[in-house]
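K.L.:
coordinates only, sequence not included:
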DNA sequence: CTCCAAAACGTTATGTTATTACATCCGTTG
DNA sequence: CAACGGATGTAATAACATAACGTTTTGGAG
């Protein structure tokens, strides 16, 4: 799912969901977004999931498979990269977005050597960010 | 979650779950394992999840986060590697397990450069295996 | 401006994945 | 045998996600 090159105007629901994610320090689950947006008229999970799907399509947010959560993209040019890795701190839950084209091509060619042609990747690292590692 | 170096004797439930995964061509979800094992006396999800947890702990199976499923480890010495990547074919659903120590250390040091210390990784690639790519 | 089609939306219901809580069983060890 | 820890059985519930259906909004084409 390559993000669109252009970012269309967001709808009301999409804007609300995007703002919730942008202002969060940590990844949010769909249901926690739903809870946050009750006062804005959200009543059902599907309202959130639909907005999330679109935001992902636009390349504005990412889904973190390993924790069933979503983060706003902090990486301005992330649509221009093949692969993005996410480093998720197990202490503060903050996420660092990492792109590295050399790594991406290494990983793709490693896969090719193993008889596989990559179209999409999920790379999620768990551990501690420096701030948390110091205590 | 580093796998134990020794593999203890498996219990009855663990054996049943492990066999189901070993004999499957594709990753299985916990609930599809449950369905397969009804005749063996399985009645509740927890029976499956408990066995899965132990098998993961022993390093005998892997969890695929991006598809909420589990596979038996086909990689004899996978406990000796820091990182394992999984290539999941979107056509036949089969999984190729890839380990590469150079890649692992590159990725770890890339993370370190970004202020992060990795303890555990999830790397799941989607695409097509050669067999399916040919049609 | 009007009409149409596509997209977005609201709502209910349901499907799927995973865990909590609690009682019981079973083998090992002292 | 008694005590303990690990494994088990069962019910209930929590958490995550989608199907189906009807209505509303939006943005062109004429």
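P.N.:
Ah, there it is. Bear in mind the structure is a predicted one, so any value in this text is a computation, not a measurement.

K.L.:
quick check: phi and psi on the residue nearest the centre of chain A?
P.N.:
Closest residue to the average C-alpha location of chain A: residue A:62 at 1.7 Å, with Cα atoms, centre = their mean. With angles defined as degrees, to the nearest 10, residue A:62 sits at phi -130, psi 150.

K.L.:
elements contacting the longest strand anywhere in chain A?
P.N.:
Longest strand in chain A, counting residues (DSSP state E): strand A:116-129. Helices and strands touching strand A:116-129, by 3 or more Cβ pairs under 8 Å, 6 or more residues apart in numbering or on different chains; DSSP states H and E, are strand A:85-89, helix A:101-113, strand B:85-89, helix B:101-113, strand B:116-129, helix B:130-133. Bear in mind the C-beta positions are built from the backbone N, C-alpha and C, glycine included.

K.L.:
next to DNA strand C, which bits of chain A? Give me the list.
P.N.:
A:8, A:11-14, A:41-47, A:50-51, A:54 (Cβ under 7 Å from any atom of the strand).

K.L.:
of those, closest to residue B:58?
P.N.:
The closest of the residues of chain A next to DNA strand C to residue B:58 turns out to be residue A:45 (Cβ to Cβ; 36.2 Å).

K.L.:
distance of that closest one relative to residue A:92?
P.N.:
Remark: distance between residue A:45 and residue A:92 (Cβ to Cβ, to the nearest Å) = 27 Å.

K.L.:
how about residue A:48?
P.N.:
Taking Cβ to Cβ, one finds residue A:48 at 24 Å from residue A:92.

K.L.:
please say which of these two ends up with more neighbours.
P.N.:
residue A:48 (25 against 13; other Cβ atoms under 10 Å in any protein chain shown).

K.L.:
assign a three-state SS to the more buried one, would you?
P.N.:
Assigned by DSSP: H, G, I helix; E, B strand; the rest coil, the conformation of residue A:48 is helix.

K.L.:
so who does it touch?
P.N.:
Going by Cβ atoms under 8 Å, 6 or more residues apart in numbering or on different chains, residue A:48 touches A:17, A:30-31, A:33-34, A:37, A:42.

K.L.:
show me what contacts the nearest residue to residue A:40 once chain neighbours are set aside?
P.N.:
Spatial nearest neighbour of residue A:40, excluding adjacent residues (Cβ to Cβ, 6 or more residues apart in numbering or on different chains): residue A:16 at 5.4 Å. By Cβ under 8 Å, 6+ apart, the contact list for residue A:16 reads A:37, A:40, A:42, A:51.

K.L.:
doesn't residue A:16 lie inside a strand?
P.N.:
No: counting by three-state DSSP, residue A:16 is not found in a strand; it is helix.

K.L.:
let me know the pLDDT of it.
P.N.:
The confidence metric pLDDT takes the value 98 at residue A:16.

K.L.:
against chain B, how distant is it?
P.N.:
To chain B, residue A:16 is 27 Å away according to Cβ to the nearest Cβ, to the nearest Å.

K.L.:
quick check on residue A:69: phi, psi?
P.N.:
phi -140, psi 170.

K.L.:
setting the sequence-adjacent residues aside, check what's closest to it.
P.N.:
residue A:27 (3.6 Å).

K.L.:
tell me if I'm right that that neighbour and residue A:89 touch.
P.N.:
No: the pair residue A:27 / residue A:89 is not scored as a contact, 10.7 Å apart, by Cβ atoms under 8 Å.

K.L.:
which residues do the two both contact?
P.N.:
residue A:95.

K.L.:
can you list the domain ranges for chain A.
P.N.:
Annotated domains of chain A cover A:12-72, A:78-133 [automatic domain parsing].

K.L.:
quick one: the first one to chain centroid distance?
P.N.:
Going back to what we said before, that points to domain A:12-72. 10 Å (Cα atoms, centre = their mean, to the nearest Å).

K.L.:
how far does it stretch from start to finish?
P.N.:
One end of domain A:12-72 sits 17 Å from the other (Cα to Cα, to the nearest Å).

K.L.:
so which bits of chain A are right by DNA strand D?
P.N.:
Within reach of DNA strand D by Cβ under 7 Å from any atom of the strand, chain A has these residues: A:9, A:29-32, A:44-46, A:49, A:68-69.

K.L.:
point out where chain A drops to low pLDDT.
P.N.:
A:1-6 (pLDDT under 70).
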